[in-house]
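**Student:** mind looking at a prediction? Sequence and model below.
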Amino acid sequence: MQVGFDEKVYDQVTGMYSREKEYVAFEEPVMASGPVEIWLSHLVTAAHRSLNDVITNAAVQLAEPGIKIIDLLHKYPAQVNYNSSML
(Lines give C-alpha, C1' and ligand atoms only; values in the text may rest on other atoms or scores of the structure.)
Protein backbone atom coordinates (compact mmCIF):
# COMPACT_ATOMS: atom_id res chain seq x y z
CA MET A 1 0.00 0.00 0.00
CA GLN A 2 1.22 3.47 -0.86
CA VAL A 3 0.11 6.37 1.30
CA GLY A 4 -0.49 10.03 0.64
CA PHE A 5 0.89 12.74 2.90
CA ASP A 6 -0.41 16.19 3.71
CA GLU A 7 1.36 18.89 1.72
CA LYS A 8 1.93 21.12 4.74
CA VAL A 9 2.33 18.63 7.61
CA TYR A 10 5.02 16.28 6.32
CA ASP A 11 4.34 13.39 8.73
CA GLN A 12 0.54 13.37 8.43
CA VAL A 13 -0.84 10.50 6.33
CA THR A 14 -4.08 11.55 4.64
CA GLY A 15 -5.00 8.48 2.57
CA MET A 16 -3.84 5.51 0.55
CA TYR A 17 -3.34 4.52 -3.08
CA SER A 18 -4.14 1.21 -4.73
CA ARG A 19 -1.80 -0.48 -7.20
CA GLU A 20 -3.91 1.15 -9.90
CA LYS A 21 -3.18 4.58 -8.34
CA GLU A 22 -6.76 5.06 -7.12
CA TYR A 23 -6.86 7.18 -3.98
CA VAL A 24 -8.96 6.65 -0.85
CA ALA A 25 -8.83 9.46 1.69
CA PHE A 26 -8.78 8.58 5.38
CA GLU A 27 -11.70 9.82 7.46
CA GLU A 28 -9.11 11.13 9.92
CA PRO A 29 -5.43 11.63 9.11
CA VAL A 30 -2.78 9.57 10.89
CA MET A 31 0.39 11.09 12.31
CA ALA A 32 3.43 9.03 11.27
CA SER A 33 5.53 9.96 14.27
CA GLY A 34 6.62 8.28 17.47
CA PRO A 35 6.98 4.53 17.91
CA VAL A 36 6.48 2.86 14.52
CA GLU A 37 4.38 0.03 16.01
CA ILE A 38 1.82 2.51 17.30
CA TRP A 39 1.40 4.71 14.24
CA LEU A 40 1.37 1.71 11.89
CA SER A 41 -1.43 0.23 13.98
CA HIS A 42 -3.31 3.54 13.68
CA LEU A 43 -2.64 3.53 9.94
CA VAL A 44 -4.14 0.05 9.51
CA THR A 45 -7.17 1.03 11.61
CA ALA A 46 -7.66 4.21 9.55
CA ALA A 47 -7.43 2.20 6.32
CA HIS A 48 -10.04 -0.31 7.52
CA ARG A 49 -12.43 2.39 8.71
CA SER A 50 -12.08 4.46 5.56
CA LEU A 51 -12.62 1.48 3.25
CA ASN A 52 -15.61 0.41 5.32
CA ASP A 53 -17.12 3.89 4.98
CA VAL A 54 -16.41 4.16 1.25
CA ILE A 55 -17.83 0.69 0.50
CA THR A 56 -20.91 1.40 2.63
CA ASN A 57 -21.51 4.73 0.86
CA ALA A 58 -21.13 3.12 -2.56
CA ALA A 59 -23.51 0.27 -1.63
CA VAL A 60 -26.13 2.72 -0.35
CA GLN A 61 -25.91 4.78 -3.53
CA LEU A 62 -26.05 1.65 -5.67
CA ALA A 63 -29.32 0.68 -3.97
CA GLU A 64 -30.98 4.02 -4.79
CA PRO A 65 -33.70 3.80 -7.44
CA GLY A 66 -32.65 5.04 -10.84
CA ILE A 67 -28.92 5.05 -10.14
CA LYS A 68 -26.73 4.14 -13.07
CA ILE A 69 -23.69 2.05 -12.29
CA ILE A 70 -21.67 4.05 -14.79
CA ASP A 71 -22.12 7.12 -12.57
CA LEU A 72 -20.49 5.32 -9.66
CA LEU A 73 -17.54 4.11 -11.73
CA HIS A 74 -16.11 7.62 -11.81
CA LYS A 75 -16.89 8.36 -8.18
CA TYR A 76 -15.36 5.33 -6.42
CA PRO A 77 -12.30 3.13 -6.95
CA ALA A 78 -12.92 0.05 -9.11
CA GLN A 79 -12.51 -2.48 -6.29
CA VAL A 80 -14.99 -0.53 -4.15
CA ASN A 81 -17.54 -0.61 -6.95
CA TYR A 82 -17.04 -4.35 -7.39
CA ASN A 83 -17.41 -5.07 -3.66
CA SER A 84 -20.45 -2.81 -3.35
CA SER A 85 -22.20 -4.57 -6.20
CA MET A 86 -21.76 -7.88 -4.38
CA LEU A 87 -23.63 -6.74 -1.25
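**Tutor:** Ah, there it is. Numbering: from 1, shown residues only.

**Student:** quick check: the gap between the residue nearest in space to the middle of the chain and N52.
**Tutor:** Taking Cα atoms, centre = their mean as the criterion, V24 is the residue nearest the geometric centre of the chain, at 3.1 Å. In this view, V24 and N52 are 11 Å apart by Cβ to Cβ, to the nearest Å. C-betas here are computed from N, CA, C, even on glycine.

**Student:** where does Y23 fall, phi/psi-wise?
**Tutor:** Note on Y23: backbone dihedrals following degrees, to the nearest 10 are phi -100, psi 140.

**Student:** doesn't G4 make contact with it?
**Tutor:** Yes - with contacts counted by Cβ atoms under 8 Å, Y23 reaches G4, the gap being 6.4 Å.

**Student:** if you count surrounding residues, which of the two has more?
**Tutor:** G4 (16 against 12; other Cβ atoms under 10 Å).

**Student:** what kind of secondary structure is the residue nearest to the centre of the chain in?
**Tutor:** Of the three states, V24 takes strand under DSSP: H, G, I helix; E, B strand; the rest coil.

**Student:** show me what contacts it?
**Tutor:** The contact partners of V24, taken as Cβ atoms under 8 Å, 6 or more residues apart in numbering, are G15, M16, Y17, S18, A47, S50, L51, V54, P77, V80.

**Student:** how about a cut-off of 7 Å?
**Tutor:** Contacts for V24 (Cβ atoms under 7 Å, 6 or more residues apart in numbering) come out as G15, M16, S50, L51, V54, P77.

**Student:** so of these, which ones are in helices?
**Tutor:** Among the contacts of V24, the subset assigned to helices under DSSP state H consists of S50, L51, V54.

**Student:** so which of those residues wins on neighbours?
**Tutor:** Neighbour max across the ones in helices among the contacts of V24 (other Cβ under 10 Å) = V54, 20 neighbours.

**Student:** tell me the contacts of it?
**Tutor:** Counted by Cβ under 7 Å, 6+ apart, V54 has contacts V24, Y76, V80.
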